[in-house]
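Engineer: Fold the following for me, if possible:
(one chain, ligands or ions: 2)
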Amino acid sequence: MYQGVPEKQLIEIGNKFLAHPDRVGPDDLPALRRILHYHEWRYYVKNDPVISDYDYDRLYKILQRIESEHPELITPDSPTQRIGSDLSADFKTARHLTPFLSLENSYHPDDLNDFDRQVRKLTGEAGPIEYIVEPKFDGSSLGLLYENNILVRGTTRGNGIEGDDITNNVKTITSLPLRAHFSAKGITKAELRGEGIIRKDNFAQLNRDREQQGLDLFANARNAAAGALRMKDPKETAARKLDCIVYQLTFAEGQNGTGVRRYFDTHGEVLHFLSDIGFLVPHDFIKTCIGIREVIAYCADAEARREAYPYEIDGLVIKVNRLDLQEKCGATAHHPRWAIAFKFKAKQAVTTLEDVQFQVGKLGAITPVGKVTPVELAGVTISSVSLHNEDFIRSKDIRIGDRVIIERAGEVIPYIVKSLPDLRDDHVRPIRFPSECPVCHTPLVKKEGEAVWRCPNYDCPEQVVQRLIHFVSKDAMDIDGMGESQVRKFYQLQWLHDFDDIYKLPYDKIRALDGFGDKSVENLRRAIEASKTNPIYRLLFGLSIPHVGLKAAKTIAAHVGHLRELQQWTIEQFTAIKDVGPIMAQSIHDFFHRPRTDRLLASFEALGVNLKQTDDDRPVVISSGPLAGRTILFTGTLQHMTRTEAQKLAEKAGAQNLSGVSKHLNILVVGEKAGSKLRKARELGTVQIIDEQEFLKLVEAGAGDKPERLR
Ligand code: AMP
Ligand code: ZN
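Structural biologist: Numbering: from 1, shown residues only. Ligands and ions are numbered 1, 2, ... in the order given. A predicted model of the protein is given here:
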């Protein structure tokens, strides 16, 4: 129930509105407002939304449309008259110095053109407007207050006027300076806005740790960040490794008086200054654009690259660069008129779970895969989703026939975030987990402490096929022209039983198959032959030994002259290698002590598949070279090479690349338009500052030296 109305009813009416937005009229306003309030409450207070952001925005737009047609019907409590509130009873509240507004959302270039037209009208500018386009970080908003260079307060957005005082939690964020040199500009009091956010790699690690501890997984980094900021114990906030990216200075007071404009002319200058005094500000993905056409082109480009960004971003924010023009634009009660968010295609959607199938993995793990009513998600049509494992299904109480929220994060297979039990009818049925393998019917087993059920039959046909697919894949033996469909076909024809059969394929018979020609068979033969000389780490990885990933395979390959030696190794010999733990050691030990591994290795040898350590298996350790033992950093634009090329050259010359200026840095190479890094290095006074030419001379000085290899 939400304020006396069943939630199911609110959701259903909302869906009707969404299905026929044009039929929603002034009479529906009270219902529409109540539905929006309900969803705001689910989102901000319960931290548990039941519709996608996209659908929320569509409902919001319907409300905006009707209200603009009938301004006399606007009520003070309308969702358009305020921003969502995330206030909770657990914290003291604190008043923001300036209203903490939301942003207007747009989904289409047309919206951006409208925005630009309005900006030009409000400012009276005839020529093109200069915009700064930044990533829209998908975390949790933070307000920050600095007095005399000291961080004195951190707050949530709250209701826009006041927020929860979470200073002690905010202080645990390591990328946020507790002391920042605002006085460099004569500023004594500053209010900033930023986003508390967990980097994608830290988030993945966080969930891996939780899985090991048997805790519920976080659905996404935003929930994890929002929750972290509201912990009662700051130590728990710290454990989630948040970053704070600062994107706005909203208030400044000091020697020139009060107002950000008394200290800066543009938003770009502000960001530059904030970066200089130690803040993490939007980086990469940020661009200054002259005129809205450039903005629109950049939006498309950035959306295509969004997965490459180290933080989750759900769009871009377009801001008028000049602060005097920002002032002319002003703000509504809800959002500034000088900025607009361009939202990327939704990564969450609501659909129906139609069926659940059970797949067998290469190590026998049984994974439930949900078949859903096809739905578009971030530009891709989705019909299958991951359901992780039995524990996940049970803890989330997901049933066949349920409406479910699905999400796609990164390039991985989309997964079910949660079901919507409020919308259930009588047709739902529970998901039955099988007790035997759906392929070979062997009874399934589950190890103590593990969440997955496994088929224990090593010869299970699906496991064999999955192992073979893995064996030929890119990071393993890398056999071009052989993938899932070829493996399945050859397996069906009984040409493949174990890995070595790949080197005994009957090419004449393949040539006669549908879909193969002389040329493709010749290419396949060549790729298979070429794989015989692979470094042994590829083979080791390709064998699908439990617990041995690519990194472990490389580590072990670096320590062994010939794979046959592993048949004699003791567990202690394995664990003596750094990074090889007891579980992995036991697993490889067992694998290499099995009689069938002996047969397999003998067969590989007879077929000419390399089992000897190669140069590529030995790590390169450079102890000589012109830059041996020195650290280096590149800044600005280089003329003769890309930054990556330069870093490779430096590495070859024995140097270690650093990512920032610190007292550990020895050499800074400056290209064109070098900025804050150069300044910082100069301030330190201990860094050798050189240009690209000098760098090239340094590197070439030692071009004759050969790197030493480590056995
Ligand atoms: P919304 O959540 O739709 O109300 O959008 C406003 C929120 O976007 C702000 O409160 C910020 O938390 C967030 N945001 C993320 N990145 C930026 C950015 N670069 N500039 C302004 N706001 C941002
Ligand atoms: Zn099986």
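Engineer: The residue in the chain sticking out farthest from the centre is in what secondary structure piece?
Structural biologist: Residue farthest from the centre of the chain, counting by Cα atoms, centre = their mean, is residue 508 at 46.5 Å. For residue 508, the host element (DSSP states H and E) is helix 507-511.
Engineer: go on, residue 315?
Structural biologist: strand 313-320.
Engineer: Quick one: mean pLDDT for the following helix or strand past that strand?
Structural biologist: Using DSSP H and E, the helix or strand that follows strand 313-320 in sequence is helix 323-329. On average, the pLDDT along helix 323-329 is 97.
Engineer: what angle sits between the very next helix or strand once past helix 323-329 and strand 313-320?
Structural biologist: Using DSSP H and E, the helix or strand that follows helix 323-329 in sequence is strand 339-343. Counting by axes from the mean of the first three to the mean of the last three Cα atoms, to 10 degrees, strand 339-343 lies at 150 degrees to strand 313-320.
Engineer: I'd like to check the angle between the helix or strand just after strand 339-343 and strand 313-320, please.
Structural biologist: Where DSSP H and E defines the elements, the next helix or strand beyond strand 339-343 is strand 348-360. Relative orientation of strand 348-360 with respect to strand 313-320: 150 degrees, computed using the same axes, to 10 degrees.
Engineer: chain center to strand 348-360: distance?
Structural biologist: 23 Å (Cα atoms, centre = their mean, to the nearest Å).
Engineer: Now do the next helix or strand after it, average pLDDT.
Structural biologist: Counting by DSSP H and E, the next helix or strand C-terminal to strand 348-360 is strand 366-377. The pLDDT scores in strand 366-377 average 91.
Engineer: Paired strands for strand 366-377, with orientation please.
Structural biologist: strand 348-360 (antiparallel), strand 380-386 (antiparallel) (DSSP bridges).
Engineer: Now do the same contact list for the closest residue to residue 236 other than its chain neighbours.
Structural biologist: Computed as Cβ to Cβ, 6 or more residues apart in numbering, the closest residue to residue 236 that is not its neighbour in sequence is residue 228, at 7.1 Å. Yep, even glycine has a C-beta here, placed from its N, CA and C like the rest. Contact partners of residue 228, counting by Cβ atoms under 8 Å, 6 or more residues apart in numbering, are 169, 196, 198, 236-237, 240, 242.
Engineer: Mean neighbour count, distance to residue 99 and mean pLDDT added to the strands paired with strand 366-377, as CSV?
Structural biologist: Putting the strands paired with strand 366-377 into CSV (neighbours: other Cβ atoms under 10 Å; distance: least, Cβ to Cβ, whole Å; pLDDT from 0 to 100) gives the following:
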stretch, mean neighbour count, distance to residue 99, mean pLDDT
strand 348-360, 18, 28, 93
strand 380-386, 15, 38, 88
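Engineer: all strands of the stretch 101-250 of the chain, in order?
Structural biologist: For the stretch 101-250 of the chain, the strands defined by DSSP state E, counting those that start in this stretch cover 105-106, 130-137, 140-147, 150-155, 162-164, 187-197, 243-254.
Engineer: Output stretch 179-199 as CSV, nothing but the C-alphas.
Structural biologist: The C-alpha trace of stretch 179-199 is given here as CSV (Å, rounded to 0.1, in the frame of the first residue of the first chain):
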residue,chain,number,x,y,z
ARG,A,179,41.8,20.1,2.6
ALA,A,180,41.9,21.9,-0.7
HIS,A,181,43.7,25.2,-1.5
PHE,A,182,40.7,27.4,-2.3
SER,A,183,42.6,30.3,-0.9
ALA,A,184,44.8,30.2,-4.1
LYS,A,185,41.9,32.2,-5.5
GLY,A,186,41.1,34.1,-2.4
ILE,A,187,38.0,31.9,-1.7
THR,A,188,37.2,31.3,2.0
LYS,A,189,33.9,29.5,1.6
ALA,A,190,32.8,27.2,-1.2
GLU,A,191,29.9,24.9,-1.9
LEU,A,192,30.4,22.1,-4.4
ARG,A,193,28.3,19.5,-6.0
GLY,A,194,29.5,16.0,-7.0
GLU,A,195,28.7,12.4,-7.3
GLY,A,196,29.6,9.6,-5.0
ILE,A,197,30.3,6.7,-7.3
ILE,A,198,32.0,3.3,-7.3
ARG,A,199,34.4,2.6,-10.2
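Engineer: Buried by neighbour count: which residues of it qualify?
Structural biologist: The neighbour-count check on stretch 179-199 (16 or more other Cβ atoms under 10 Å) flags 180, 182, 185, 187, 189-199 as buried.
Engineer: Cross-check the residues you listed against ligand 1 and keep the overlap.
Structural biologist: residue 195 (Cβ under 6 Å from any ligand atom).
Engineer: Just give me the closest of the buried residues of stretch 179-199 to ligand 1.
Structural biologist: Nearest to ligand 1 out of the buried residues of stretch 179-199 is residue 195 (Cβ to the nearest ligand atom; 4.9 Å).
Engineer: Could I get the contacting residues of the residue in the stretch 601-711 of the chain that ligand 2 sits nearest to?
Structural biologist: In the stretch 601-711 of the chain, the residue found nearest to ligand 2 is residue 603; the distance is 24.3 Å by Cβ to the ion. For residue 603, the contacting residues are residue 500, by Cβ under 8 Å, 6+ apart.
Engineer: Okay, and it sits in which element?
Structural biologist: Per DSSP H and E: helix 595-607 holds residue 603.
Engineer: Now do the buried residues in that helix.
Structural biologist: 597, 600-601, 603-604.
Engineer: same thing with stretch 319-339?
Structural biologist: Applying 16+ other Cβ under 10 Å to stretch 319-339 flags 319-323, 325-326, 328-329, 334-339 as buried.
Engineer: where does this structure come near ligand 2, residue by residue?
Structural biologist: 437, 439-440, 455, 457, 460 (Cβ under 5 Å from the ion).
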